[in-house]
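Peer 1: Sequence plus predicted model, see below.
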Amino acid sequence: DNYKVQSGLTEEMTWVLGYQGVDVYYSAGTLAAYAAGPLHAQVLFAEEPKLFNEEYRNVPAGYTIPMSESLPLYYDLEGKGEADEIDVRGDGYQEGYYEKIVVTSGKDSAGSEAWVYTIDPVFIHTADGGNYVYAETSSDNDYRTLFVYEVKKDSVKEMGKEEGTGFYTGKDYMSLHMITDPSEFILETRIDALSTYSGIRHCAVGKNGMPVSEKSFYEIENGFELTLKKDMEFTMLEENGQEKGPTVVPKGSKLTFLRTDGRSWVDFRVKNADATYEIRVDYDDSDWPTKVNGEDAEAILDGMMYAG
């Protein structure tokens with residue numbers, strides 16, 4: 001009687017059926033003074049198993065929970081029917097930046113130095129019982145870094161970070177695809193190999209919490225093209241990506257980015273008047289300018305673009 005319900009929600013409260021129980025969020029001023037802020041209540045399956053149908057308590061072995069940089073997550077880390085508070089926040093805010101990321105589990109915290117604009121965290125529970133926080137940050141020039149933390153009851157440990165890496169944003173770079181399955185998700189990484197672009201990897205959460213991929217290269221989806229300025233010999237590839245042998249690619253051919261190891265080679269699809277095939281272009285960016293076949297890459301490839 002106290003709420004006017006519309007579409008299952010109210011202005012005063014929102015409830016969510018999660019992997020461990022039901023969470024209820026009350027708007028500021030609903031149950032206490034407005035200054036107390038939003039309030040949260042939780043009923044865990046383990047606390048009151050008779051209240052919930054069995055079908056709601058059957059959850060996948062591994063799953064993820066989106067988090068907010070402004071609100072804590074309440075999660076039973078040990079499966080004993082007691083919710084632990086997990087918090088991800090920026091610290092040392094000044095002039096639009098956070099100086100530090102702080103992840104807290106109960107009585108313990110871990111901090112990472114990071115001058116960032118935003119923090120987007122996700123909680124990950126793996127099939128083998130591991131609990132982690134993946135926190136994507138953004139800084140100048142939209143440069144992203146993925147920080148990984150192991151979370152236990154009253155214990156947080158930074159496991160590492162992936163520079164230039166964040167959650168997949170799709171081919172249009174506009175649609176954020178958060179991780180939903182710890183055993184299969186996509187990350188994208190900024191790459192500067194004969195241009196600046198994003199490369200994607202299909203990953204899983206590894207034994208130490210860090211993302212791992214079965215492939216040693218990045219796929220490139222943007223369809224970006226370069227034009228060959230002169231006849232040049234490169235390595236032709238088989239359909240399976242294995243090296244076939246040398247071939248001379250004619251001047252004026254269009255080269256579409258396909259994949260790269262991000263360190264020494266880029267694979268292209270070649271399209272010219274005679275044929276369409278794939279080649280591997282080795283490059284050396286250990287010194288300026290970047291070299292291709294021992295020559296300045298700018299003298300060979302037209303259309304390269306690099307971000308600041």
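Peer 2: Nice, I can see it. Residues are numbered from 1 along each chain as shown.
Peer 1: The helix or strand hosting P246 pairs with which strands, and in what direction?
Peer 2: P246 belongs to strand 243-249 when elements are defined using DSSP states H and E. Using DSSP bridges, strand 243-249 pairs in its sheet with strand 232-237 (antiparallel).
Peer 1: Give the buried residues for the partner strand.
Peer 2: By neighbour count with 16 or more other CB atoms under 10 Å, strand 232-237 contains the buried residues 232, 234-237. Any C-beta I mention is one placed from the backbone N, CA and C, and that applies to glycine too.
Peer 1: now what about that strand, what contacts it?
Peer 2: For strand 232-237, contacts defined as CB atoms under 8 Å, 6 or more residues apart in numbering pick out 243-249, 267, 277-282, 292-293, 300.
Peer 1: next one: stretch 150-163
Peer 2: With CB under 8 Å, 6+ apart as the test, stretch 150-163 has contacts from 77-78, 84, 86, 103-110, 112, 123, 130-133, 145-149, 187, 189, 208-211.
Peer 1: Return the subset of those residues lying in strands.
Peer 2: The strands in this structure, assigned by DSSP state E, contain 84, 86, 103-105, 108-110, 112, 123, 131-133, 145-149, 187, 189, 211 from the contacts of stretch 150-163.
Peer 1: Show me which of those are buried.
Peer 2: Applying 16+ other CB under 10 Å to those, the neighbour count classes 84, 86, 103-105, 110, 112, 123, 131-133, 145-149, 187, 189, 211 as buried.
Peer 1: shaky segments in this structure?
Peer 2: In the prediction, the chain carries residues with pLDDT under 70 at positions 1-11, 173-174, 176.
Peer 1: most centrally placed residue in it?
Peer 2: F167 (2.4 Å; CA atoms, centre = their mean).
Peer 1: Note down every partner strand of the helix or strand harbouring it and its orientation.
Peer 2: F167 is part of strand 165-167 when elements are defined by DSSP H and E. As defined by DSSP bridges, the strand partners of strand 165-167 come to strand 185-192 (antiparallel).
Peer 1: what comes into contact with the helix or strand just after the strand it pairs with?
Peer 2: Using DSSP H and E, the helix or strand that follows strand 185-192 in sequence is strand 196-205. Judged by CB under 8 Å, 6+ apart, the contacts made with strand 196-205 from elsewhere in the structure are 62, 124, 126, 130, 132, 168-169, 173, 182-191, 211-215, 217-222, 224, 257, 259-260, 262, 305-307.
Peer 1: Need the buried ones from those residues selected in PyMOL.
Peer 2: Remark: buried members of these, expressed as a PyMOL selection using 16+ other CB under 10 Å:
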select buried, resi 62+124+126+130+132+168+169+182+185+186+187+188+189+190+191+211+217+218+219+220+221+224+257+259+260+262
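Peer 1: Helices of this protein, start to end?
Peer 2: 54-57, 297-300 (DSSP state H).
Peer 1: Columns distance to A46 and mean neighbour count on top of these, output as JSON lines?
Peer 2: JSON lines is the format used below for these (distance: least, CB to CB, whole Å; neighbours: other CB atoms under 10 Å):
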{"stretch": "helix 54-57", "distance to A46": "9", "mean neighbour count": "10"}
{"stretch": "helix 297-300", "distance to A46": "60", "mean neighbour count": "16"}
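Peer 1: Indicate which one of those helices is closest to L31.
Peer 2: Nearest to L31 among these is helix 54-57; the distance by CB to CB comes to 25.5 Å.
Peer 1: packing partners for the closest one?
Peer 2: Applying 3 or more CB pairs under 8 Å, 6 or more residues apart in numbering; DSSP states H and E, one finds that helix 54-57 contacts no other helix or strand.
Peer 1: got the CA positions of that helix in CSV?
Peer 2: Included here for helix 54-57 are C-alpha records, laid out as CSV according to Å, rounded to 0.1, in the frame of the first residue of the first chain:
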residue,chain,number,x,y,z
GLU,A,54,14.6,-24.1,-6.7
GLU,A,55,14.7,-22.8,-10.3
TYR,A,56,15.9,-19.4,-9.0
ARG,A,57,18.7,-20.9,-6.9
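Peer 1: Brilliant, that's me finished.
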